[in-house]
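Novice: Fold the following, please.
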Amino acid sequence: MCRKRLDRLGVAKVDLLQFHWWSFEDPRWLDAMHELEKLRDEGLINAIGVTNFDTAHLALALEEGIKIVSNQVSFSLVDRRAAGPLSTLCAKYGIKLLAYGTLCGGFISEKWLGKPEPVEIADWSRMKYKRFIDTAGGWDAFQALLAAADAIARKHCVSLSNVASRWVLEHPSVAATIIGARITEAEHRASNLNVFKFALDAEDHAALDVAFAGMTPVPGDCGDEYRKPPFLTASGDLSHHLSSIAPVNPSVPDPKLDDRARVFSGSKWEPLAGYCRAIRVGDRILVSGTTATHGSDHIVAPNDAASQTTYILDKIIGAIRAHGAGPEHVVRTRIYLVDVEDCEAVSVAHGRFFSEVCPANTLLQVAKLVGPYRVEIEAEAVLPPSKA
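Specialist: This next block holds a predicted model:
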């Protein structure tokens, strides 16, 4: 199939294939990435990139041996999430960021400087980035940012948009910015080239930092806007879309006991030892001790406890979703570690999933786990009466 598509394009290989996956609770994203790696080894793909990957899942893919060269993410004066842990990881592995949304759909320009907040927005792109502006502190804070960027632009005899693009391009992890163009409406090709004719100095960065201090950081990590609240997309709340995605491992009703149902994850141990991944009994969902086992027996990221924790919690949330629950319904987790030195990394990974839920938690160091695993986690969730 891949060769047919290459023939249709008239090329021998794809220079850069960018991979996006909607929900990491569906573990088949790892299967897809390993298949891409095989195509790269065969010479049909020159390089593999990803799109909208957060730091944790990019790290997981790297620990799995996937050779990734780029991550395309939102990055702008308004949305500065990519400047945090994601950039630190990219610097470690030599990965470059391809930044989109740099001008927030055209909002970061002289056109909006000093203008009243729009009441209606017909353009889907601007609808999306207006949500970012609202989340980052609102219109007044945004106007302060535009004013700071405009003063810098006048100093360097360039456009306000040039300053916004230059700020992103000067970030060490950024390889390129992706600037949208509407033919006959807003091309600005000649103006965009001015971004290479100047550099921001310490005074410029200090002025922007003052504007940043008056804003609210966009929450979460890159890509979260497509996977969790506040869903900073043109259509806003995407929970209806996410809930329509069928679970990979569905809930199977007990044929004898009406109040029970089970989810199986495909591990070879489940039928052998006679247990399930998660059982619902009335309004309670009990999740078995879960390790970073992909499919039947593949051990995920064997040398990295944080990546194993990310994979495990995706697996656990996927199982409880099959029963009609979500991470907000989790009331208890128990974590078993082999090496106490992994405590902080595992705790941080746990916090990414549950910092707003704060279930009861127990963390234990054990002498050894069954198998070459660094961490094992079990969980319990309780459905509200309306869902039980």
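Novice: neighbouring contacts of the worst-scoring helix or strand of the chain on mean pLDDT?
Specialist: None of the helices or strands of the chain scores lower by mean pLDDT, DSSP states H and E than helix 189-192, at a mean of 78. If you take CB atoms under 8 Å, 6 or more residues apart in numbering as the criterion, helix 189-192 is touched by 159, 161-162, 165, 179, 181. To be clear about C-beta, it is placed using only N, CA and C from the backbone, and glycine gets the same treatment.
Novice: if we go to 7 Å?
Specialist: Helix 189-192 has contacts (CB atoms under 7 Å, 6 or more residues apart in numbering) with 159, 179.
Novice: So which elements touch the helix or strand following that helix?
Specialist: Moving toward the C-terminus from helix 189-192, the next helix or strand (DSSP states H and E) is helix 202-213. With contacts defined as 3 or more CB pairs under 7 Å, 6 or more residues apart in numbering; DSSP states H and E, helix 202-213 has these neighbours: helix 139-156.
Novice: So which bits of the helix or strand just after the helix it packs on are buried?
Specialist: Per DSSP H and E, helix 139-156 leads on to helix 160-169 as the next helix or strand towards the C-terminus. Judged by neighbour count using 16 or more other CB atoms under 10 Å, the buried positions of helix 160-169 are 160-169.
Novice: And for stretch 231-241?
Specialist: So for stretch 231-241, counting by 16+ other CB under 10 Å, buried means 231-233, 238.
Novice: Run the chain-centre distance for it.
Specialist: Stretch 231-241 sits 15 Å away from the centroid of its parent chain (CA atoms, centre = their mean, to the nearest Å).
Novice: Just the residues contacting stretch 43-56, thanks.
Specialist: 2, 6, 13-20, 36-37, 39-40, 58, 66-73, 85-86, 89, 221-224, 226, 310, 349, 352.
Novice: mind listing what's buried in that stretch?
Specialist: 44-45, 48-56.
Novice: Quickly run through the sheet partners of the strand or helix carrying residue 331, with directions.
Specialist: Applying DSSP H and E as the criterion places residue 331 in strand 330-337. Strand pairing for strand 330-337, determined by DSSP bridges: strand 360-365 (parallel), strand 375-382 (antiparallel).
Novice: do you know which of the ones you listed lies nearest residue 195?
Specialist: When these are compared by CB to CB, strand 375-382 sits nearest residue 195, at 45.1 Å.
Novice: Which of the buried residues of stretch 43-56 fall within strands?
Specialist: Using DSSP state E, the members of the buried residues of stretch 43-56 that fall within strands are 45, 48-51.
Novice: where do the strands sit along this protein?
Specialist: 14-19, 45-51, 68-74, 96-100, 174-177, 252-253, 260-263, 278-281, 284-290, 293-294, 298-299, 330-337, 360-365, 375-382.
Novice: Nothing else from me, thank you.
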